[in-house]
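*Asks:* Kindly generate the corresponding structure for this input.
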Amino acid sequence: MAALERRFAATALLLLGLGQGLGIRAAEAADLAPPPPPAAPPVEVGGGWYLRADFTESVYGRPHDDTRADANDPGMPPLVGLRLSDAAGGGGGVGYRINPWLRVDATIDQRGPARYRAYSSRSNFATGYNVEAAQVSALTGLVNVYADLGTWWGLTPYVGAGIGFSDMGVARGYTQTTCTADSCDGNPGTGPRTAVTRPSRAVASLAWALTGGVSYAVGGGFSVDAAYRYVDFGNAKSGLDAYNGGTRLKDLAANEFRLGLRYDLGGIGSLGGLPNLVGVGNTAYGN
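*Replies:* Just a heads-up that it's a prediction; the model follows:
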């Protein structure tokens, strides 16, 4: 009986030793398992990109007459009193901040029709005069570079320049003679004669701009922007009328006052870490 008890005890000690050895080897095997893959870095949305929208008030300078001399009418008088009315417009664009002080953007701006008017007279306005009129609209597409000059009390002044194209449209053009003396144009009577219309036309030209302004960050990625901009539009002209005459203007330019809003796409934040696509457990092999 005692011998049997000794056999059981020996068997129990042997099994205990085997269990401990297997447990140690299992722990070592767990320590040697490959670590879980690292979490993917956050995916940034927006970065240095921004969007902008602007309201523009354009104050045009005095245009210059570009009418070509007519060999068949050497006495044709020059145009005087050329004027373009102010025009409101708007636009928008997308930009990118390269570093804290340098950014670029591309913008499209459309201005509403400005009223054009000029006068001429063969008699130096003694017996009558001729009026030339039309509506002139301006579309510009510019690539701009800006230097932000620092921030004080939340205000960031900047200067910039841009270059691109203009599309100058001349519409609703006409010319009309008015006689203040009888038969000033060879026809009896006084007063305005029948207007001669001119076809609409649009002309593309090189455009460039210089600007200076200040922005103020209001929070949430938004900034209010106020700026002055000088824009050179190039040339504009209408189609030819029945007498082979047309409106031709050059050196069109405007002083523009702009109020806009910029939105920094970096304000969207990040999407956070991407999910672990290898497995759902603590190791690369799952549970």
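
*Asks:* Count residues in the vicinity of the closest residue to residue 252 other than its chain neighbours, would you?
*Replies:* In space, and not counting its chain neighbours, residue 252 is closest to residue 233: 4.2 Å by Cβ to Cβ, 6 or more residues apart in numbering. All C-beta spots, glycine's among them, are computed from the backbone N, C-alpha and C. Counted with other Cβ atoms under 10 Å, residues neighbouring residue 233 total 29.

*Asks:* what does residue 186 give?
*Replies:* 6.

*Asks:* which helices and strands does the single longest strand found in the chain pack with?
*Replies:* As assigned by DSSP state E, the longest strand anywhere in the chain is strand 155-179. If you count contacts as 3 or more Cβ pairs under 8 Å, 6 or more residues apart in numbering; DSSP states H and E, strand 155-179 packs onto strand 102-120, strand 128-148, strand 191-192, strand 196-198, strand 201-219, strand 222-237.

*Asks:* Could you dump these into TSV and include mean pLDDT?
*Replies:* Listed next are the helices and strands packed on strand 155-179 as TSV, based on pLDDT from 0 to 100:
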stretch	mean pLDDT
strand 102-120	97
strand 128-148	97
strand 191-192	94
strand 196-198	96
strand 201-219	97
strand 222-237	97
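
*Asks:* With distance to residue 266 as added columns, please give the ones you listed in JSON lines.
*Replies:* Output for the helices and strands packed on strand 155-179, formatted as JSON lines (distance: least, Cβ to Cβ, whole Å):
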{"stretch": "strand 102-120", "distance to residue 266": "12"}
{"stretch": "strand 128-148", "distance to residue 266": "15"}
{"stretch": "strand 191-192", "distance to residue 266": "61"}
{"stretch": "strand 196-198", "distance to residue 266": "50"}
{"stretch": "strand 201-219", "distance to residue 266": "12"}
{"stretch": "strand 222-237", "distance to residue 266": "12"}
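
*Asks:* Excluding covalently adjacent residues, which one is nearest to residue 189?
*Replies:* Excluding its sequence neighbours, the residue lying closest to residue 189 (Cβ to Cβ, 6+ apart) is residue 182, at 6.4 Å.

*Asks:* does the one you found count as helix, strand or coil?
*Replies:* Using DSSP: H, G, I helix; E, B strand; the rest coil, the structure places residue 182 in coil.

*Asks:* how near is it to residue 192?
*Replies:* Using Cβ to Cβ, to the nearest Å, residue 182 is found at 14 Å from residue 192.

*Asks:* Nearest to residue 94, out of the helices and strands packed on strand 155-179?
*Replies:* Residue 94 lies closest to strand 102-120 among the helices and strands packed on strand 155-179, at 6.2 Å (Cβ to Cβ).

*Asks:* Any chance you could list what contacts stretch 89-107?
*Replies:* 48-58, 108-112, 138, 140-150, 162, 262, 264 (Cβ atoms under 8 Å, 6 or more residues apart in numbering).

*Asks:* which parts of that stretch are buried?
*Replies:* 89, 91, 93, 95, 97, 103-105, 107 (16 or more other Cβ atoms under 10 Å).

*Asks:* ok so, going back, buried residues in the longest strand of the chain?
*Replies:* Quick answer for strand 155-179 (16+ other Cβ under 10 Å): 156, 158, 160-162, 164, 166-170, 173-175, 177-179.

*Asks:* Dig out what the residue nearest to residue 230 when sequence neighbours are not counted forms beta bridges with.
*Replies:* Nearest residue to residue 230, sequence neighbours excluded (Cβ to Cβ, 6+ apart): residue 210, at 4.9 Å. Note on residue 210: beta-bridge partners residue 161, residue 230, judged by DSSP bridges.

*Asks:* Look up how far residue 176 lies from residue 210.
*Replies:* From residue 210 to residue 176 the distance is 38 Å (Cβ to Cβ).
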